[in-house]
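[1] Sequence plus predicted model, see below.
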Amino acid sequence: MNKHSSPPVNDFIGDQLINAEADSVPEPRPPVFASRAAQIVTGLSLVLIAFNLRPVFSSASAILPEIIEQTGLSSLGAGVLTTLPVVCLGLFAPLAPKLAQRIGAERTLLAVLVLLAFGTALRGFGSLALLFAGTALAGACIAVGNVLLPGLVKRDFASRTGMMTGLYTMALCAGAASAAGLTVPLKHALGDSWSLALGAWALPALLVALIWFPHAFFRKVRTKHAGFRVEGLWRDRLAWQVTLFMGLQSSLAYCVFGWLSPILRERGLDGVTAGVVVSVSVMAQVFACLLVPSIAVRCRNQQFLNVGLVALAVIGLLGFLFAPISTVWLWAIIQGLGQGGLIAIAMTIIVLRSPNAHVASHLSGMAQCIGYILAATGPLLVGLVHSLTGSFAATAALFLALGAGAAIFGWGAGRSVHVGAKTTELP
């Protein structure tokens, strides 16, 4: 491969935003903005899209006890409900680059927003079948958005990547925090209907789809194809360590999204307060997400940083389970800092362990496909443990096991070496 075919690693090192279309030929070009206002609207639209990629997870968690009580759903069934969108993240993520090559990343994101709004709205009809179907559809849409959106942010705002990375990260966390904190008040405002409270989160997605429509529909799409091949990645030990680290830390994260509110409510907090605690924990993630990558790229390796962040996240979860309930705000901050740091370091590790943007794109795809499917086991097992024991206390063993696995693979993934993958240019 020609040494000029890929950008040198220093051009993208430390940048969390990975371009899923790195292999595309011709290379996607940023739009030419007609005015400063048009650029601002585009940037705002991308941030608002990011905001809509998390409410599906934390909105159901906030009112899970009401869903269980009013539908007769078992704890195991609730575990399946919280697990379903995470499984979809892994299953549908590989489709994103193919869709973008065929119809363009902008139009793919428009379809994502419309279908995300539709899937979220299905959850508002009060039917268990539609609740599960809508959750699965929304999860599939989020999977595609997760993959494509960072590349668009990076491509369209190359001169402001740092600022846009921060806004993108804050929007993701703000979406999760808003759904965690506002879904219970929404339920009260909508006649104590859990289904309408869930369905209401379709409105922000639909609004952003309307804002995004002109940018997506009137942009000229050039058909692209894959111009590069990455070989040897799936046989590489380090690539698997990165993938398993991603999966296990994500499993802890989705246990928080799916079950933290029910855990706190079982310990005696009311629904509104439990939702606010989850919001505080998620917003604490913003600080860690912004801080940790800059620390990581300055370290000789990331082994101790990975293990330390795992320890914070697990200690916070144990505090939620066993510490006096009056200290819950302390554990919210500790867990949020640890979990937010893990999310950020897992994405940064993908870049740091990759010799070029093409390998980073493929390693990200591997880590998301396998990692999210592995991550789905966490929320499912929490529901299973609660179903068998009638209490969340026994989930401490699960959190410790997930943390131990994340620490072990995080130690391996933190070594200062590159994966042994080879990039070749296709004829």
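    On my side now, so go ahead. Residues are numbered from 1 along each chain as shown.

[2] Which residues does the helix or strand hosting A401 contact?
    Under the criterion of DSSP states H and E, A401 resides in helix 395-413. Under the criterion CB atoms under 8 Å, 6 or more residues apart in numbering, residues 237-238, 241-242, 244-245, 248-249, 251-252, 255, 259, 263, 302-303, 306-307, 309-311, 313-314, 317-318, 321-322, 342, 345, 349, 353, 378, 381-382, 385-386 lie in contact with helix 395-413. For every residue, glycine as well, the C-beta is placed using N, CA and C.

[3] buried residues in that helix?
    395-396, 398-399, 402-403, 405-413 (16 or more other CB atoms under 10 Å).

[4] Report the buried residues of the next helix-or-strand element following it.
    Using DSSP H and E, the helix or strand that directly follows helix 395-413 along the chain is strand 422-425. By 16+ other CB under 10 Å, the buried positions in strand 422-425 come out as T423.

[5] ok, now stretch 276-292?
    Buried residues in stretch 276-292 (16+ other CB under 10 Å): 276-290, 292.

[6] ok, back up a step: average pLDDT for the helix holding A401, rounded please.
    Averaging pLDDT along helix 395-413 yields 97.

[7] try stretch 314-322
    For stretch 314-322, the mean confidence score works out to 97.

[8] CA-only coordinates of that stretch in PDB, if you can.
    C-alpha atoms of stretch 314-322 as PDB (Å, rounded to 0.1, in the frame of the first residue of the first chain):
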ATOM      1  CA  VAL A 314     -17.700  -0.900  40.300                       C
ATOM      2  CA  ILE A 315     -17.200   0.800  43.600                       C
ATOM      3  CA  GLY A 316     -20.000   3.300  42.700                       C
ATOM      4  CA  LEU A 317     -22.400   0.400  41.800                       C
ATOM      5  CA  LEU A 318     -21.600  -1.400  45.100                       C
ATOM      6  CA  GLY A 319     -22.300   1.900  46.900                       C
ATOM      7  CA  PHE A 320     -25.700   2.100  45.300                       C
ATOM      8  CA  LEU A 321     -26.400  -1.400  46.500                       C
ATOM      9  CA  PHE A 322     -25.200  -1.400  50.100                       C
END
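
[9] before we move on, back to that, looking at the buried residues of stretch 276-292, which one is closest to V114?
    V282 (26.1 Å; CB to CB).

[10] That closest one: what's it in contact with?
    Residues in contact with V282 (CB under 8 Å, 6+ apart) are 58, 173, 176-177, 180, 336.

[11] out of those residues, which is most surrounded?
    The most crowded member of the contacts of V282, judged by other CB atoms under 10 Å, is A180 (30 neighbours).

[12] Can you pull out the low-pLDDT segments for this protein?
    Applying pLDDT under 70 to the chain flags residues 1-16, 27, 30-34, 219-226, 427.

[13] how about the strands of it, start to end?
    Using DSSP state E, the strands of the chain run over 24-25, 225-226, 228-231, 422-425.

[14] Could you dump those strands into a markdown table and include distance to M163?
    Shown next, in a markdown table, are the strands of the chain (distance: least, CB to CB, whole Å):
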| stretch | distance to M163 |
| --- | --- |
| strand 24-25 | 25 |
| strand 225-226 | 31 |
| strand 228-231 | 29 |
| strand 422-425 | 30 |
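
[15] To K98, which of those strands lies closest?
    It is, among the strands of the chain and with distance given as CB to CB, strand 225-226, at 8.9 Å.

[16] Let me know the distance separating W234 from V419.
    From W234 across to V419, the span is 10 Å (CB to CB, to the nearest Å).

[17] typo on my end, L305
    19 Å.

[18] More neighbours: those two, which one.
    V419 (24 against 20).

[19] could you list every residue that touches the more buried one?
    233, 236, 238-239, 242, 353-355, 359, 363.

[20] farthest pair in those residues?
    Longest span within the contacts of V419, CB to CB: V242 and P355, 13.4 Å.

[21] Tell me who's in contact with the nearest residue to L167 once chain neighbours are set aside.
    In this structure, L167 finds its nearest non-sequential neighbour in V47, 5.0 Å apart by CB to CB, 6 or more residues apart in numbering. With contacts defined as CB under 8 Å, 6+ apart, the neighbours of V47 are 164, 167-168, 171.

[22] tell me the contacts of L330?
    G319.

[23] my bad, I333
    280-281, 284.

[24] of the residues you listed, closest to G90?
    Out of these, the member with the shortest distance to G90 (by CB to CB) is S281, at 24.0 Å.

[25] Touching, that closest one and G338? I think so.
    No: if you go by CB atoms under 8 Å, S281 and G338 don't touch, sitting 9.9 Å apart.

[26] what touches both of these two?
    Common neighbours of S281 and G338 (CB under 8 Å, 6+ apart) are G316.

[27] What about the contacts of V47, which one has the most neighbours?
    Y168 (25 neighbours).

[28] coming back round to it: out of the strands of the chain, which is closest to G145?
    With distances scored as CB to CB, the stretch of those nearest to G145 is strand 24-25 (17.8 Å).

[29] do you know how far the nearest residue to I18 once chain neighbours are set aside is from V351?
    Excluding the flanking residues, the one nearest I18 by CB to CB, 6+ apart is S364, at 4.6 Å. Distance from S364 to V351, counting by CB to CB: 9 Å.

[30] okay, and the common contacts of those two?
    Contacts common to S364 and V351, judged by CB under 8 Å, 6+ apart, are I18.

[31] who has more neighbours, the two?
    Per other CB under 10 Å, whichever of S364 and V351 has more neighbours is S364, with 27 against 23.

[32] show me the contacts for that one.
    18, 20, 147, 347, 350.

[33] quick one: S416 from R353, how far?
    From S416 to R353 the distance is 9 Å (CB to CB).

[34] Give me the more crowded residue out of the two.
    Set side by side, S416 and R353 show more neighbours around R353, with 25 against 11, by other CB under 10 Å.

[35] So that one sits against H418, correct?
    Yes: assessed by CB under 8 Å, R353 is found in contact with H418 at 5.9 Å.

[36] Find residues that contact each of those two.
    L238.

[37] ok, so what distance separates G175 from Q285?
    12 Å.

[38] Repeat that for S178.
    Taken as CB to CB, the span from S178 to Q285 is 13 Å.
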